[in-house]
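In: No sequence on hand, only this structure:
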């Protein structure tokens, strides 16, 4: 519904379910967090390091990032499908996603990653 | 004026995609902050929306090109192991940096952070472009969505900045070089 005209609380905007946006944001938070977690796991466990060696010249970085990207896209697709027509608890979901994003920046920093 | 093919790829990765992303990021942050503020009742023009949408999609492409060239073109040259008994490590940047206490940190902290934190950028900006394309002016009605997108773009700016800073420092201390030499032009003789 368009709400054009003077006095409208929000100019030319309409009400849309927030589920698709929440799905994209939460999936992105999870994807970023996975980059950090998989990097730590691959660094600590020899078996995982070898398993993540998808492309030898690049080494385990190829597997870490490819796996994180594939899981991110899969989570996004599933959540977008499940929440496509729903209004979800946006504030909580966005807080979790931004929290995961901040954690991923911190956990990729080697002095912090090496604590694990 | 000469340049090797590896140096050209590094230039394309850092100056072409990385620096361009950082420049583009500041504009996207200002637009998202200014035009999509929850209390702002000024209608957003369709042409402005389409422009910002195209801008975010272009940023997404630039971010993906940056990480893919970095990970699959330049990084293999950076981490290539030298043949046994090699004394001059200057053509093997990772081993060269690790061979000296004064430069070891550029690899163990700089490169180790850069290679992972940079991947946060394309994920964040792809999401931001997708959410903006879906909601456009309706972001004004959903401040949580708009604020989350702003946070992701802001942190992608920080991540790209950190990757760019360490990329520049690594190039200064142990440049990725080699391959065919390309001659751009001749300088004037004295």
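Out: Cool, the structure landed. Because the structure is a prediction, the values reported are computed rather than measured. Numbering: from 1, shown residues only, chains lettered A, B, ... in the order given.
In: Three-state assignment for residue B:89, please.
Out: Three-state assignment for residue B:89 (DSSP: H, G, I helix; E, B strand; the rest coil): coil.
In: Please tell me the pLDDT value assigned to it.
Out: Residue B:89 carries a pLDDT score of 92 in this model.
In: for it, what are its contacts?
Out: B:82, B:95-96, B:99 (CB atoms under 8 Å, 6 or more residues apart in numbering or on different chains). The C-beta positions use only the backbone N, C-alpha and C, and glycine is treated the same way.
In: Among those, name the ones in helices.
Out: Those of those mapping onto helices are B:95-96, per DSSP state H.
In: Narrow the contacts of residue B:89 to those that are buried.
Out: B:95-96 (16 or more other CB atoms under 10 Å in any protein chain shown).
In: residue ranges with poor pLDDT in chain B?
Out: Within chain B, no stretch has pLDDT under 70.
In: Packing partners of the longest helix along chain B?
Out: Longest helix of chain B, by residue count under DSSP H: helix B:143-173. Applying 3 or more CB pairs under 8 Å, 6 or more residues apart in numbering or on different chains; DSSP states H and E, one finds that helix B:143-173 contacts helix A:19-44, helix A:90-108, helix B:19-35, helix B:46-69, helix B:93-98, helix B:112-117, helix B:120-135.
In: Okay, buried residues for the last one please.
Out: Read it as helix B:120-135. B:120-132, B:135.
In: hang on, residue B:24 packs against residue B:57?
Out: No: using CB atoms under 8 Å, residue B:24 is not in contact with residue B:57, being 11.0 Å away.
In: gap between the two ends of stretch A:50-64?
Out: In stretch A:50-64, first residue to last residue: 11 Å (CA to CA, to the nearest Å).
In: Residues contacting that stretch, please?
Out: By CB under 8 Å, 6+ apart, the list of residues contacting stretch A:50-64 reads A:35, A:38-39, A:42-43, A:48-49, A:66-67, B:71-72, B:75-76, B:79-80, B:115-116.
In: any idea how far residue A:105 is from the most centrally placed residue in chain A?
Out: The centre of chain A sits closest to residue A:28, judged by CA atoms, centre = their mean, with a distance of 2.1 Å. From residue A:28 across to residue A:105, the span is 13 Å (CB to CB, to the nearest Å).
In: Thank you, goodbye.
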